[in-house]
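Undergrad: any chance you could fold what I've pasted below:
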Amino acid sequence: MTIGVLKEPSFESRVSLLPEAVTSLVKKGHELLVESGAGLRAFASDEHYRQAGARIVSRTEIMTAAIVLGIHPAEDITSGLPSGTVLVGVYQPLYQFLRMKQWAEAGLTCFSLDMLPRTTRAQSMDVLSSQANIAGYKSVLLAAFTYSRYFPMFMTAAGSIAPARLLILGAGVAGLQAVATARRLGAVVEVFDTRPAVKEEVMSLGAKFVEVEGAADASKAGGYAVEQSEDFKKRQEQKIAESIAKADIVITTAQIPGKPAPQLVSSGMISSMRMGSVIIDLAAATGGNTELTRNNETVVTEGVTIIGNSNLAADMPSDASKLYGKNIVNFLQLITNKESALHLNWEDDLVKGSCICHGNELVNERIKALL
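TA: Residues are numbered from 1 along each chain as shown. Down below sits the predicted model:
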């Protein structure tokens, strides 16, 4: 099976496969084509890929591969790929459903790994979790860099410094990693989440869990937030407002698949924070969790810095690409057989769940519903 690795757009520093992942696929009998310069921003040169067994080719030749890997949906894919080509990446089909329709009409088979069912069996292929882990870690480092004061408590001859107070909204993979990192840096951490089930995890990391009674059941939402009742939203807003008024750093991570991110932080709440405080919004790409978030922008209002960035994993391209590539290798084992040929088992819930289009048709029910 010929597998092609595309060079990502200019805003993305990660790559689908690092040379070590290429080596493992070559050993399984696959032929690897890598677009020239694809790994440079992840500190992998073309020579590293050659040594791993790949051929360095042009973008045009990449389009001849049976399976094409690209983290983001490239603009030239529809016109450049022949019918029957398999695409594997993170294509956000719940937001890019019109593009998915175009790909179906072009005869492409698309697997979007952000649509994998969040099951135990899928953990080795779960790109959302592997990248969210990095984003949670990086969000705290970015906050510490931006914040004008210390994170830990210091007692010096010149006086004592109180520890930073940090509030994290959402205790998914990113939120829990943010808790662990902030605690290691010495901050006092509070966490809000609508899922009572995460309380024990939060407390085991040394943080306080802010609880609001009466949340809708989110046990089947795959780690995401779910829509809540108006009564719950009012009580939630009051609790968050109380915590934000005392917080120096706020990291927000709450998202709902296929819908705008829930707006949890109002401009009034932001006004209650002291000057020099910092908000890192990881849900910026889907509208943000604060009223003032702007995606890929830094906004300063009344002395409070609001950073909207949903792609923080790309700030650590080496490890992010390593983990992403391992997820990809595991997924490719699912859709190929021992002879390294394509084998799509539609009885497999992971294959079926992550497939968006095949055979000139949209096959994912959620995407078809959006159209």
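Undergrad: then stretch 174-181 to CSV, C-alphas only?
TA: Extracted C-alpha coordinates of stretch 174-181, given in CSV (Å, rounded to 0.1, in the frame of the first residue of the first chain):
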residue,chain,number,x,y,z
ALA,A,174,-6.7,19.1,28.5
GLY,A,175,-8.2,20.3,31.8
LEU,A,176,-6.7,17.5,33.9
GLN,A,177,-3.2,18.0,32.4
ALA,A,178,-3.6,21.7,33.1
VAL,A,179,-4.4,20.9,36.7
ALA,A,180,-1.4,18.6,37.1
THR,A,181,1.0,21.2,35.5
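Undergrad: residues making contact with it?
TA: 132-137, 139-141, 168-169, 171, 189, 191, 193, 198, 201-202, 205-207, 251, 253, 282 (Cβ atoms under 8 Å, 6 or more residues apart in numbering). Quick note: C-beta positions are derived from backbone N, CA and C, even for glycine.
Undergrad: if any of those are buried, put those into a ChimeraX selection.
TA: The buried residues among the contacts of stretch 174-181 can be selected in ChimeraX (16 or more other Cβ atoms under 10 Å) with this line:
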select :132,133,134,135,136,137,139,140,141,168,169,171,189,191,193,198,201,202,205,207,251,253,282
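Undergrad: okay, and which of the contacts of stretch 174-181 map to strands?
TA: I168, L169, V189, V191, I251 (DSSP state E).
Undergrad: what's the closest of these to S271?
TA: Nearest to S271 out of the ones in strands among the contacts of stretch 174-181 is L169 (Cβ to Cβ; 17.5 Å).
Undergrad: spit out the contact partners of the closest one.
TA: Contacts of L169 (Cβ under 8 Å, 6+ apart): 175, 191-193, 240, 250-254, 264-265, 289.
Undergrad: can we see that at 10 Å?
TA: 175, 190-194, 210, 225, 240, 243-244, 250-254, 262, 264-265, 279, 281-283, 289-290 (Cβ atoms under 10 Å, 6 or more residues apart in numbering).
Undergrad: which ChimeraX command selects the buried ones in those residues?
TA: Here is the ChimeraX command that picks out the buried ones among those, judged by 16+ other Cβ under 10 Å:
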select :175,190,191,192,193,194,210,225,240,243,244,250,251,252,253,254,262,264,265,279,281,282,283,289,290
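Undergrad: return the subset of the contacts of L169 lying in helices.
TA: G175, I240, S243, I244 (DSSP state H).
Undergrad: in a markdown table: the residues you listed, plus pLDDT and distance to W346.
TA: Below are the ones in helices among the contacts of L169 laid out as a markdown table (pLDDT from 0 to 100; distance: Cβ to Cβ, whole Å):
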| residue | pLDDT | distance to W346 |
| --- | --- | --- |
| G175 | 97 | 35 |
| I240 | 92 | 44 |
| S243 | 94 | 47 |
| I244 | 96 | 47 |
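Undergrad: having no further points to raise, I will conclude here.
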